[in-house]
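*Asks:* okay, structure incoming, though there's no sequence with it:
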């Protein structure tokens, strides 16, 4: 049985506790980067992905509800245009942003 590689991209390295929870999975790879940069997307070969999950930035200090999900919405939109076959799930923190 073969397993599908799982690539996690984040602007900073995971803490030891975070890595411990990620290390449970087989074939997991961590890359420092952002889905907002084409260079980082190319490094992880996003064009070959079957699924992409974009998690919300829970550490954001942005008090503006409308803008709190801006990076997720932008990354979702960009990835949808660059890879029309991939399934993308985006986590939003504000209910009013679901329409985007």
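*Replies:* Received it, and whenever you're ready, just let me know what you need. Predicted, not measured: the structure shown is a model, and the values here were computed from it.
*Asks:* let me see the contact set for the residue most central in space within the chain.
*Replies:* By CA atoms, centre = their mean, the chain has its centre lying nearest to residue 54, at 3.1 Å. Counting by CB atoms under 8 Å, 6 or more residues apart in numbering, residue 54 makes contact with 35, 72, 75-76, 79, 88-91. (C-beta placed from N, C-alpha, C; glycine too.)
*Asks:* any chance of JSON lines for those, columns pLDDT and neighbour count?
*Replies:* Listed next are those as JSON lines, based on pLDDT from 0 to 100; neighbours: other CB atoms under 10 Å:
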{"residue": "35", "pLDDT": "91", "neighbour count": "24"}
{"residue": "72", "pLDDT": "91", "neighbour count": "21"}
{"residue": "75", "pLDDT": "93", "neighbour count": "19"}
{"residue": "76", "pLDDT": "93", "neighbour count": "20"}
{"residue": "79", "pLDDT": "94", "neighbour count": "20"}
{"residue": "88", "pLDDT": "93", "neighbour count": "16"}
{"residue": "89", "pLDDT": "91", "neighbour count": "10"}
{"residue": "90", "pLDDT": "91", "neighbour count": "22"}
{"residue": "91", "pLDDT": "89", "neighbour count": "13"}
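*Asks:* residue ranges for the strands of the protein, please.
*Replies:* Here the chain has its strands, by DSSP state E, at 6-10, 28-32, 51-54, 87-90.
*Asks:* and the longest helix for the chain?
*Replies:* For the chain, the longest helix by residue count, based on DSSP state H, is helix 70-82.
*Asks:* quick one: distance of it to the chain centre.
*Replies:* Mean-position distance between helix 70-82 and its chain equals 10 Å (CA atoms, centre = their mean, to the nearest Å).
*Asks:* ditto for stretch 21-35
*Replies:* On CA atoms, centre = their mean, the centre of stretch 21-35 falls 11 Å from that of its chain.
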